[in-house]
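Engineer: just the structure for this:
(chains A and B)
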There are 2 protein chains.
Amino acid sequence: MTEQNPPAAEGESAAAPVLNFKDLTTANITPNVHAINSSCADPRTKFLLDRLVAHLHDYARETRLTQGEWATAIKFLVEAGQISTDARQELILLSDILGLSVLVDGIDHPTPPGATEGTVLGPFHVDDGPQHASLGAQISADADGDSLLVVGTVADTAGNPIPDVEIDVWETDSKGFYDVQYKDRAPDAFDGRAVLRSDKDGKFWFKAIVPVPYPIPDDGPVGRLLKGTLKRHVWRPAHMHFMFKKSGWEPLTTALYVRGSPYETTDAVFGVKESLIVDVGQVSDREGFAEQYSVSADTKLLTYDFVLAGIEETAELRRKEAQKVADADSSVQVLDNGLLVQK
Amino acid sequence: MTEQNPPAAEGESAAAPVLNFKDLTTANITPNVHAINSSCADPRTKFLLDRLVAHLHDYARETRLTQGEWATAIKFLVEAGQISTDARQELILLSDILGLSVLVDGIDHPTPPGATEGTVLGPFHVDDGPQHASLGAQISADADGDSLLVVGTVADTAGNPIPDVEIDVWETDSKGFYDVQYKDRAPDAFDGRAVLRSDKDGKFWFKAIVPVPYPIPDDGPVGRLLKGTLKRHVWRPAHMHFMFKKSGWEPLTTALYVRGSPYETTDAVFGVKESLIVDVGQVSDREGFAEQYSVSADTKLLTYDFVLAGIEETAELRRKEAQKVADADSSVQVLDNGLLVQK
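Structural biologist: The predicted structure follows:
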């Protein structure tokens, strides 16, 4: 009888418990699952699984989940998995609309003072986008879009420009769809995305279109949950995604939001930050820009100065935040790599 | 700025908050997601989603989940969804091996004294099994199996027989596979399963084979988690599944386990209960059985007296258990239907 079992092994060094997993009850199932999982060799993975089991079980007990409700959740997850493709990431979308994605981003990428804030990656980034576009490239082939010149800089928190940063940008077309959402598109027919590199002065520029608001894909289980069950809208305010990578610097996944766009304050995936909202102006606002970038003066203009945090600076912040959790929860400790595990 | 937002609406009657979902931080994201979800019309669904969001967020904060770990979890769920079919329920399997299934069964089907305990449904039940097999039917076509006569009774907690109960039984073949696991099988080629009805004395009997231990499907993400990550085995002890249904009675999903079967104490899905372990004897042990059931005297024999709980009796128990949760958590209340919701 498990009532006589020793408590669940906590931590790797605990002696292997005598396993006798019979007559498990709503009261004793959790430590017994921890015990049977205690052979997991990696302490971080063990910690993640133990806490996952504890939360799942507490959730079921707190809500007194019925089997019908459990079956509905299982069916939802199966359907979300089955509708997913490389271009349709329904589980990322689920995480986004529950605020989990922006939370994990905030946890994993704390922002040192002066550095640009990150935000949700979203489900439409592709790893194999068009590489090494030239500075000044036109990344959008959509003639219906409102022409936009984007001029940016990348610098460190002290203001020193950072050259040769890989800059991944992506946006929808004027209809609000990413290239990968078109089912009949050829695999390499990219539109509205490019991978650029900052020049020796940390500058980059390209031609695109003014971003538009768009609904997240709403013809699947997540859309039904949002619209049908939660009576929420499915819209994201107009934005353009950016991802910055360079060895020695904390990777930055962020986006710029067009000021005054509808849904600016009710983004379906909670990605908007005041510091990432930009005014879209016109090239004629800036002397010499039309000539310098070979665009007409009435082209719309978006400028932004991005600031990358050092990888060590961010790691230190992350360690500090992890230590705060450990200070408040005596059962956990921070490893040298900054990750939390069970003591 | 959300820092100035009112706290999350708790309960249906709260006024609609002023929504301004910008600059959400790891500290304030949770009440804001609750707030945006507060238009959900059904209080039970709202409660389930609010608690789900709270647990997901707490999990991420407590563990300081990294984006890489989050991406691994997303990938796992997508893969689990995509490998799932009617006959391969990877998400049910995941729930089973994390102890969630047996927990939800325990919560949703509390057992009044004297009634037969329930256990995990498992992923291999089919809703459209062979209907209305005759009492005495041979449900297994597997000549390699060890012939078994099953003789059971169904009664109420006072010992009164219950006639005309629908009894769904299913077991693997002698190789440890359910019929639905064979990819080349015709849709209606059932083996090792039947739906019977108890006779006027609450009795039922059928011919089958002695159950064998078998591994749960281990060629998918759940198998890799169990074997690779958790170093657990993937076996279930020998058992036969039973499901009982009759209007007015609490549906019972249970199984009988063969005493002494390997893995009796380490079932991969935590389903074994002492009260459900049976000795498999021989027909010759019981006088007259060979003649009465037209089987040879050396046929193996399994007998069991199942006891169904009344539907009201179980509902009352469920309500009591829900009230205990409400007594310990002042933010929740029990509805007339026995379900917990936010106050």
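Engineer: residue A:92 belongs to a strand?
Structural biologist: No. Residue A:92 is assigned helix when assessed by DSSP: H, G, I helix; E, B strand; the rest coil, not a strand.
Engineer: contacting residues around it?
Structural biologist: Residue A:92 makes contacts with A:101, A:121, A:122, A:123, B:74, as judged by CB atoms under 8 Å, 6 or more residues apart in numbering or on different chains. Where you see a C-beta, it was placed from the backbone N, CA and C, and this is true even at glycine.
Engineer: check it and give its pLDDT.
Structural biologist: Predicted confidence (pLDDT) for residue A:92: 95.
Engineer: save the contacts of residue A:92 as CSV, and put in secondary structure too.
Structural biologist: CSV is the format used below for the contacts of residue A:92 (three-state DSSP):
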residue, secondary structure
A:101, helix
A:121, coil
A:122, coil
A:123, coil
B:74, helix
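Engineer: for stretch A:275-291, buried residues please.
Structural biologist: Buried residues in stretch A:275-291, counted by 16 or more other CB atoms under 10 Å in any protein chain shown: A:276, A:277, A:280, A:283, A:286, A:289, A:290.
Engineer: and the contacts of residue A:92, which are buried?
Structural biologist: The neighbour count (16+ other CB under 10 Å) marks A:101, A:121, A:122, A:123, B:74 as buried among these.
Engineer: quick one: which two of those residues are the most distant?
Structural biologist: Of all pairs drawn from the buried ones among the contacts of residue A:92, the widest gap by CB to CB lies between A:122 and B:74 and measures 12.7 Å.
Engineer: strands paired with the host helix or strand of residue A:253, and their directions?
Structural biologist: Assigning secondary structure by DSSP states H and E places residue A:253 in strand A:252-258. Strand A:252-258 pairs in its sheet with strand A:239-245 (antiparallel), strand A:277-278 (parallel), by DSSP bridges.
Engineer: now the shortest one: average pLDDT?
Structural biologist: Read that as strand A:277-278. Across strand A:277-278, the average pLDDT comes to 98.
Engineer: out of the contacts of residue A:92, which is nearest to residue B:332?
Structural biologist: Residue B:332 lies nearest to residue A:101 out of the contacts of residue A:92, by CB to CB, at 28.0 Å.
Engineer: find me the pLDDT at the closest one, would you?
Structural biologist: Note for residue A:101: predicted pLDDT of 96.
Engineer: tell me the domain ranges of chain A?
Structural biologist: In the domain annotation for chain A, the residue ranges read A:19-65, A:112-215+A:231-309 (the TED database).
Engineer: can the shortest one be said to contact chain B?
Structural biologist: Yes. In this structure, domain A:19-65 sits against chain B according to CB under 8 Å from any CB of the partner chain; the contacting residues are A:19-26, A:29-30, A:32-33, A:36-37, A:39-42, A:45, A:47-49, A:51-53, A:55-65.
Engineer: check the gap between the one residue in the stretch 151-300 of chain A that gets nearest to chain B and residue A:223 for me.
Structural biologist: Proximity to chain B, evaluated over the stretch 151-300 of chain A using CB to the nearest CB, is greatest for residue A:231 at 4.0 Å. Counting by CB to CB, to the nearest Å, the gap between residue A:231 and residue A:223 amounts to 13 Å.
Engineer: just to revisit the earlier point, so which of the residues of domain A:19-65 next to chain B are in helices?
Structural biologist: Among these, DSSP state H puts A:29-30, A:32-33, A:36, A:45, A:47-49, A:51-53, A:55-63 in helices.
Engineer: give the contact list for the nearest residue to residue A:258 once chain neighbours are set aside.
Structural biologist: Excluding the flanking residues, the one nearest residue A:258 by CB to CB, 6 or more residues apart in numbering or on different chains is residue A:238, at 4.1 Å. In this structure, residue A:238 makes contact with A:210, A:211, A:212, A:213, A:257, A:258, A:261, judged by CB under 8 Å, 6+ apart.
Engineer: isn't there a helix covering the last one?
Structural biologist: No. Secondary structure assignment (three-state DSSP) places residue A:261 in coil, not in a helix.
Engineer: quick one, what contacts it?
Structural biologist: Counting by CB under 8 Å, 6+ apart, the residues that residue A:261 touches are A:211, A:213, A:237, A:238, A:239.
Engineer: chain center to stretch A:69-80: distance?
Structural biologist: With CA atoms, centre = their mean, to the nearest Å as the basis, stretch A:69-80 stands 23 Å off its chain's centre.
Engineer: please save the CA atoms from it in PDB.
Structural biologist: The C-alpha atoms that make up stretch A:69-80 are tabulated as PDB, following Å, rounded to 0.1, in the frame of the first residue of the first chain:
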ATOM      1  CA  GLU A  69     -13.600  18.300 -19.200                       C
ATOM      2  CA  TRP A  70     -10.300  16.300 -19.300                       C
ATOM      3  CA  ALA A  71     -11.400  14.600 -22.500                       C
ATOM      4  CA  THR A  72     -12.300  18.000 -24.000                       C
ATOM      5  CA  ALA A  73      -8.800  19.300 -23.200                       C
ATOM      6  CA  ILE A  74      -7.200  16.200 -24.700                       C
ATOM      7  CA  LYS A  75      -9.200  16.600 -27.800                       C
ATOM      8  CA  PHE A  76      -8.300  20.300 -28.100                       C
ATOM      9  CA  LEU A  77      -4.600  19.500 -27.800                       C
ATOM     10  CA  VAL A  78      -4.800  16.700 -30.400                       C
ATOM     11  CA  GLU A  79      -6.600  19.000 -32.800                       C
ATOM     12  CA  ALA A  80      -4.100  21.800 -32.200                       C
END
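Engineer: check which residues of that stretch are buried.
Structural biologist: A:69, A:70, A:74, A:76, A:77, A:78, A:79, A:80.
Engineer: other residues contacting that stretch?
Structural biologist: Contacts for stretch A:69-80 (CB under 8 Å, 6+ apart): A:60, A:90-91, A:94, A:220-222, A:225, B:48, B:77-78, B:80-81, B:84, B:89-92, B:95, B:100-101, B:104.
Engineer: just say helix, strand or coil for whatever residue of chain A ends up closest to chain B.
Structural biologist: Here chain A gets closest to chain B at one residue, residue A:81, 1.3 Å apart by CB to the nearest CB. What three-state DSSP gives for residue A:81 is helix.
Engineer: these two touch, right, it and residue B:81?
Structural biologist: Yes. Residue A:81 lies in contact with residue B:81 (CB atoms under 8 Å); the separation is 1.3 Å.
Engineer: identify the contacts common to the two.
Structural biologist: The contact sets of residue A:81 and residue B:81 overlap at A:91, B:91 (CB under 8 Å, 6+ apart).
Engineer: closest one of the contacts of residue A:238 to residue B:139?
Structural biologist: Of all the contacts of residue A:238, residue A:213 has the smallest distance to residue B:139: 59.0 Å, by CB to CB.
Engineer: quick one, phi/psi of that closest one?
Structural biologist: Taking degrees, to the nearest 10, you get phi -70, psi 150 for the backbone angles of residue A:213.
Engineer: if I look at the residue nearest to it when sequence neighbours are not counted, how far off is residue A:194?
Structural biologist: Sequence neighbours aside, residue A:238 is the residue nearest to residue A:213 in space, at 5.0 Å (criterion: CB to CB, 6+ apart). Noted for residue A:238: a distance of 19 Å to residue A:194, by CB to CB.
Engineer: what do you get for residue A:293?
Structural biologist: Look at residue A:293 and residue A:194: by CB to CB, they are 16 Å apart.
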